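S.K.: would you be able to build a 3D model of this:
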Amino acid sequence: MSIYHKPVGEARTELEIKRSRFISIAAPVSDTAECQAFIQSVKDEFPDARHHCTAFIAGAPNNSQCYGMSDDGEPSGKAGKPMFNVLMHSGLGEIVVVIVRYFGGIKLGTGGLVKAYSQATQMVLDALDTEEVRPHYAVEIEADYAFESDIRHWLKELSARKVDCQYSQFVSLTAEVEEPDLLAERLQQSGQGRIRFKVLD
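M.R.: Next up is the predicted model:
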């Protein structure tokens, strides 16, 4: 996993080519369900448009499980694919782009369509505000109860998220952290080797 950028909020741009209007809308999404809901909201907003073409990476840029695209009635491979290619080259993740097309009566041809959808996608990406996303790693920590306050202190210091705690013979905590090696080092110092730590797959 590596650092990437994602949109902070929504952006909209508009491009007109030979009387056809291309309204590009980009937004942040955390998963494919959120992505599909956003696409539907755009279709509901522009119900009279001829096409609502889409491309998305609903997770980290290198996670092919969350890729998607649609030509939505345009010639196959002439809308969704060029949109997706621009997305891939941007290095952005957790993003969906919908391009709403109002046909102007003049055909653009297959090369013209590819160029139009690519240009419209790049325009809206250029208009986006983005922020850095750092990968988080799931960790498990187990120790005697005497160490719980130290463990919680270091989890808080390192901005851990999704902290969960189970109590049995020992106290067992799971969390997600950006810097597992640093956390391991801190726990080693605090527990003098008596705090068990591992990074989960």
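S.K.: and the residue lying closest to Ala79 once chain neighbours are set aside, how far from Glu34?
M.R.: The shortest distance from Ala79 to any non-neighbouring residue, by CB to CB, 6 or more residues apart in numbering, is to Cys53 (4.0 Å). Where C-beta positions appear, they are placed from N, C-alpha and C, glycine not excepted. Remark: distance between Cys53 and Glu34 (CB to CB, to the nearest Å) = 19 Å.
S.K.: what of Ala175?
M.R.: Applying CB to CB, the value for Ala175 to Glu34 is 24 Å.
S.K.: give the buried residues for the lengthiest helix in the chain.
M.R.: The helix that spans the most residues within the chain, counting by DSSP state H, is helix 109-126. Applying a neighbour-count criterion of 16 or more other CB atoms under 10 Å, one finds 113-114, 116-118, 120-125 buried in helix 109-126.
S.K.: quick one: Glu176 from Ser90, how far?
M.R.: As for Glu176, its distance to Ser90 is 26 Å (criterion: CB to CB).
S.K.: contacting residues for Ala79?
M.R.: Applying CB atoms under 8 Å, 6 or more residues apart in numbering, we find Ala79 in contact with 51, 53, 70-72, 99, 113, 117.
S.K.: swap that for Val177, sorry
M.R.: Neighbouring residues of Val177 by CB under 8 Å, 6+ apart: 136-137, 139, 155, 158-161, 183.
S.K.: tell me what it is bridged to.
M.R.: Val177 has these beta-bridge partners by DSSP bridges: Tyr137.
S.K.: quick one: pLDDT of it?
M.R.: Turning to Val177, the model gives it a pLDDT of 93.
S.K.: go on, Met1?
M.R.: The confidence metric pLDDT takes the value 58 at Met1.
S.K.: now the helices for this structure?
M.R.: For the chain, the helices identified by DSSP H occupy 32-45, 80-90, 109-126, 148-157, 180-191, in order along the chain.
S.K.: having no further points to raise, I will conclude here.
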